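*Asks:* pasting the structure only:
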């Protein structure tokens, strides 16, 4: 899976007055012995920037000199003054003041370096006799004052006659300060890692250019803090000295404010200095003493307030000082690592023991009362590569008694408690799917359904301060139209909506439902029927999971380029804010302009694939919506074939890039879904022509949004179709072969996960890839009924729920030690205690050896792969939420919940399905089902069930009482055929209407809940 960087921001507000500071400001690139310059605009190349005067002597720059018209008749020298503030004065430091000056008539003025507040004590005060010719003046002095608020003042008053005063080449230097001491507190200050670790807001065209972080700052922003660039989570220690330094340019010129402050309310300022920048590169340094301890400091360049647009560039940004933070040591709890949620009574039960012992040790299983109910010996596994720990494994699968509050004891350690229960995962299915309804955009979230703490108004509908998703332009004028792209799900921790992430996510939700047509343990979808989930549409006679999918599907179709426009029929790759927003930020409070990024082939094929799947699944419930989906799918697929290499183009702004330079997998997936829905030969030709059709699409590290060929393969293997029997069998065998590989990997890992133990297997969002490998294992079980694949899938989730090096469940609300501070703007409790934690069932991205965010890198540098995770809102690369991660959890959770049910009745049967062909008008067909009792006992009373592919409907039936709900047909006996003797067969016939398209033989036919062999 390709990692991508999501840069985060915090919106700045006005700051309080600065605390007492010691300040050094250098305006030239310093060598170690160069003096410190305190007048950044002494040659007036940026006009009067940085200079002030009394109201009776307005300033202007004439011929490169600063001049003032001095009135006659003032009583005191200080009645007419001009000068430059922010001069640091250090007791005992040596200074040199120099300047050139003249007057229109001979006159004496006074040059002072002094305090800028009462009692205005002077460190230097000299009478300066001026003539009409420019003269050079130099004064050396030693300061007896300590202040960050000194001022250089020219006092011009007291003359009986008016005159003109002019000044040039002003310099005030002091001895070079000692190099700052202490560790570096900022990440990526040289921008060698792009913009990683840095936020920006209110700017445009922000990015790294020739090694510098550059941004265009628009005009018309009234305050400095209305646009900014900076870095969060800076640690400051009370009483410690820090030096902020940076190189900067601004063209054509601007004043920016460099600040170090608290990064949350009330944004207390520790340093705030205005710097006059020019197109000439300057090096600036500011030294201050931190007045308080905080881990939430913020370096902020506040860049708004300019009258004209300018281009700002920063480089070599550094904050040195304080103390080296102690190494981060995660709290891992007891050394016996278990699935903290629990285990199925008849499923595998494994744990991992972290120990120095190299020989087997005793273990005991204790119930809630503390009684030992089972015991055994551990199996030494040596040093686990992914964690660096010496570990043993413990297998207590033989214990099948249900109960709560079990613990496992070994090597003097007691595990977190867990349950053994057939229903241990039942609520997880609902929780994992509820995540999507709470992530919805463009609809008010109903607290009565999902909990009052998650209630909120609709976001991004154009209600102020939102700019809205109802009329969205393209970024950088890349199109000449605007689209209504309301709805859909917020992709992750931000408010962006991405077609390639939404595509795989909605596919997995729809596949969770489509699986119920072919998997015997899914009980024909009863657990996913209408009113089983907490969605607003419950009660509409449509399965709730399809209602949830529809919310995203309608958004995906709105992202399609309109007819008559360039790239018509393609899908825009994504929509998100023009600039990153802060943490926290509720959707309804987002003030940023929303922008469409250009269309891409990858996004277009995601639309084609999911809309095609939509067409067959919605056909029994909403024929009009099904037809809309199929039209969108066909249009998108044709547009993608016409533009097969339009790769994602990221024009910047406040969203992740999601680039993908290989779309052959998306072509395969889309062709597969269109073939399964339509049965048309053209799509089958594209499927079989793809290298993915016979290639290995199941990578050791799983599939994801950028590698979607596996989605096509899994559906071709399970969804009924007219594929040639040999080809379909080969496809099904490829899933089983991949599952065998994942089983071997699982067994080789001491923590029991179906993912290799090398660092390359722990990447951004790897938890979802672990679960996608579990999906392959689960699908192999659904197809073969072999218990080893079910057990592999059940054991594969132990890692997610706490059987890992960190002893951490990665799903909020599930486990004794569970993630709860995932990176998200909406559920940002860690930032704002009035906000909730992410809802129960939210999956964290998980351990990421790449350490792709500065918070994780600073905290976890050098970590073993399985330890590269921190449950902190600032670690977006290890701890974000995302719809395509939760969709993997939702699919697996639905499978797991199905495994705890009562076993099917002990019947043995064989079923034959005969389609006698279409009617002459092609509006329907006639079929017969033959069900044979292959057991040794008579079956007295029976229920036969199967599901159509799409919109076929039973019109009448004979030899059975038949009903239909959605695509699922339920057939029961008449008074004459209720009993099926051993070896006997019942024949059930029906006429059914069809909306057109393929009408394949059902994959699964059950008798009293048991799958029948096929004949």
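*Replies:* That came in fine, so what should we check first? Since the model is a prediction, treat every value here as computed from it, not as a measurement.

*Asks:* wait, residue 667 sits on residue 605?
*Replies:* Yes: judged on C-beta atoms under 8 Å, residue 667 makes contact with residue 605 at a distance of 6.0 Å. C-beta coordinates here come from the backbone N, C-alpha and C atoms, glycine included.

*Asks:* Which neighbours do these two have in common?
*Replies:* When contacts are counted by C-beta atoms under 8 Å, 6 or more residues apart in numbering, residue 667 and residue 605 are jointly contacted by residue 640.

*Asks:* Would you mind telling me which of these two has the busier surroundings?
*Replies:* Neighbours per residue, other C-beta atoms under 10 Å: of residue 667 and residue 605, the larger number sits with residue 605, 32 against 27.

*Asks:* ok, and the closest non-adjacent residue to the more buried one?
*Replies:* residue 666 (3.6 Å; C-beta to C-beta, 6 or more residues apart in numbering).

*Asks:* So the one you found sits against residue 610, correct?
*Replies:* No: because the distance of 11.0 Å does not satisfy C-beta under 8 Å, residue 666 is recorded as not touching residue 610.

*Asks:* List the residues that contact residue 992.
*Replies:* 924, 925, 926, 927, 948, 952, 953, 954, 955.

*Asks:* just residue 667 next, same as before
*Replies:* When the contact criterion is C-beta under 8 Å, 6+ apart, the partners of residue 667 are 605, 640, 644, 686, 690.

*Asks:* Helix or strand: which one has residue 99?
*Replies:* Of the helices and strands defined by DSSP states H and E, residue 99 is found in strand 94-103.

*Asks:* Direction included, what does that strand pair against?
*Replies:* Here strand 94-103 has these sheet partners by DSSP bridges: strand 135-142 (antiparallel), strand 163-174 (antiparallel).

*Asks:* which parts of the longest one are buried?
*Replies:* Of the residues in strand 163-174, those with enough neighbours to count as buried (16 or more other C-beta atoms under 10 Å) are 163, 165, 166, 167, 168, 169, 170, 171, 172, 173, 174.

*Asks:* again with stretch 963-976
*Replies:* Neighbour-count burial for stretch 963-976, with 16+ other C-beta under 10 Å as criterion, is recorded at 964, 965, 966, 967, 968, 969, 970, 971, 973.

*Asks:* Same question for stretch 743-757.
*Replies:* Buried residues in stretch 743-757, defined by neighbour count with 16+ other C-beta under 10 Å: 743, 745, 746, 749, 750, 751, 752, 753, 754, 755, 756, 757.

*Asks:* Over to stretch 559-573?
*Replies:* 559, 560, 561, 567, 569, 570, 571, 572, 573.

*Asks:* I'd assumed residue 604 was in contact with the fifth one.
*Replies:* The reference is to residue 569. Yes: contact between residue 569 and residue 604 holds when scored by C-beta under 8 Å: they sit 7.4 Å apart.

*Asks:* residues shared between the contacts of these two?
*Replies:* Between them, residue 569 and residue 604 share these contacting residues under C-beta under 8 Å, 6+ apart: 636, 639.

*Asks:* now the helices for the stretch 651-800 of the chain?
*Replies:* 664-678, 681-689, 709-718, 725-748, 766-784, 787-796 (DSSP state H, counting those that start in this stretch).

*Asks:* Same check on the stretch 1-150 of the chain?
*Replies:* Listed from the start of the chain, the stretch 1-150 of the chain has no helices (DSSP H, counting those that start in this stretch) to report.

*Asks:* What of the stretch 851-1000 of the chain?
*Replies:* Listed in chain order, the helices of the stretch 851-1000 of the chain (DSSP H, counting those that start in this stretch) span residues 854-860, 876-879, 883-898.

*Asks:* can you pull out the strands in the stretch 151-300 of the chain?
*Replies:* Using DSSP state E, counting those that start in this stretch, the strands found in the stretch 151-300 of the chain span residues 163-174, 199-201, 204-209, 212-217, 228-236, 241-251, 254-262, 269-277, 282-289, 294-302.

*Asks:* related to what we said a few turns ago, so for residue 266, which of the helices of the stretch 651-800 of the chain sits nearest?
*Replies:* Go through those one by one with C-beta to C-beta and the one that ends up closest to residue 266 is helix 766-784, at 36.8 Å.

*Asks:* Centre-most residue in the protein?
*Replies:* With the centre of the chain defined as its mean C-alpha position, the nearest residue by C-alpha atoms, centre = their mean is residue 492, 4.2 Å away.

*Asks:* Can you name the residues that contact it?
*Replies:* 6, 501, 656, 823, 824, 880, 881, 882, 883.

*Asks:* So which residues of the stretch 301-450 of the chain form strands?
*Replies:* 310-321, 336-337, 342-343, 350-354, 362-366, 372-377, 379-383, 390-395, 403-410, 413-414, 418-420.

*Asks:* I'd like the distance between the residue of the chain positioned farthest from its centre and residue 77.
*Replies:* The centre of the chain is farthest from one residue, residue 160, which by C-alpha atoms, centre = their mean lies 70.8 Å away. Between residue 160 and residue 77 the distance is 13 Å, computed by C-beta to C-beta, to the nearest Å.

*Asks:* what mean pLDDT does stretch 647-654 have?
*Replies:* Along stretch 647-654, the predicted confidence averages to a pLDDT of 92.

*Asks:* That one spans what distance, first to last residue?
*Replies:* By C-alpha to C-alpha, to the nearest Å, the extent of stretch 647-654 from end to end equals 20 Å.

*Asks:* Stretch 928-945 now?
*Replies:* Between the opening and closing residues of stretch 928-945 there is a gap of 13 Å (C-alpha to C-alpha).

*Asks:* what packs against the lowest-mean-pLDDT helix or strand in the chain?
*Replies:* Counting by mean pLDDT, DSSP states H and E, the weakest-scoring helix or strand in the chain turns out to be strand 204-209, with a mean of 82. With contacts taken as 3 or more C-beta pairs under 8 Å, 6 or more residues apart in numbering; DSSP states H and E, strand 204-209 sits against strand 212-217.

*Asks:* Quick one: mean pLDDT over the strand it packs on.
*Replies:* Taken as a whole, strand 212-217 has a mean pLDDT of 93.

*Asks:* Walk me through which strands that strand pairs with, and which way each runs.
*Replies:* Those paired with strand 212-217 in the sheet (DSSP bridges) are strand 204-209 (antiparallel), strand 310-321 (antiparallel).

*Asks:* Which one, of these, ends up nearest to residue 649?
*Replies:* Nearest of the strands paired with strand 212-217 to residue 649, taken as C-beta to C-beta: strand 204-209 at 14.1 Å.

*Asks:* ok, and for that closest one, which residues are buried?
*Replies:* 204, 206, 208.

*Asks:* Now do the same contact list for the closest residue to the second one other than its chain neighbours.
*Replies:* Closest residue in space to residue 206, ignoring its immediate chain neighbours: residue 215 at 4.0 Å, by C-beta to C-beta, 6+ apart. Residues touching residue 215, when contacts are defined by C-beta under 8 Å, 6+ apart, comprise 200, 203, 204, 205, 206, 207, 229, 303, 311, 312.

*Asks:* Export those residues to a markdown table and append columns for distance to residue 525.
*Replies:* Supplementary listing: these in a markdown table, determined by distance: C-beta to C-beta, whole Å:
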| residue | distance to residue 525 |
| --- | --- |
| 200 | 47 |
| 203 | 50 |
| 204 | 49 |
| 205 | 50 |
| 206 | 48 |
| 207 | 48 |
| 229 | 51 |
| 303 | 56 |
| 311 | 58 |
| 312 | 57 |
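
*Asks:* List just the nearest of these to residue 85.
*Replies:* Taking C-beta to C-beta as the measure, residue 303 is the one of the contacts of residue 215 closest to residue 85, at 20.5 Å.

*Asks:* That closest one - how many residues pack around it?
*Replies:* When neighbours are counted by other C-beta under 10 Å, residue 303 comes out with 30.
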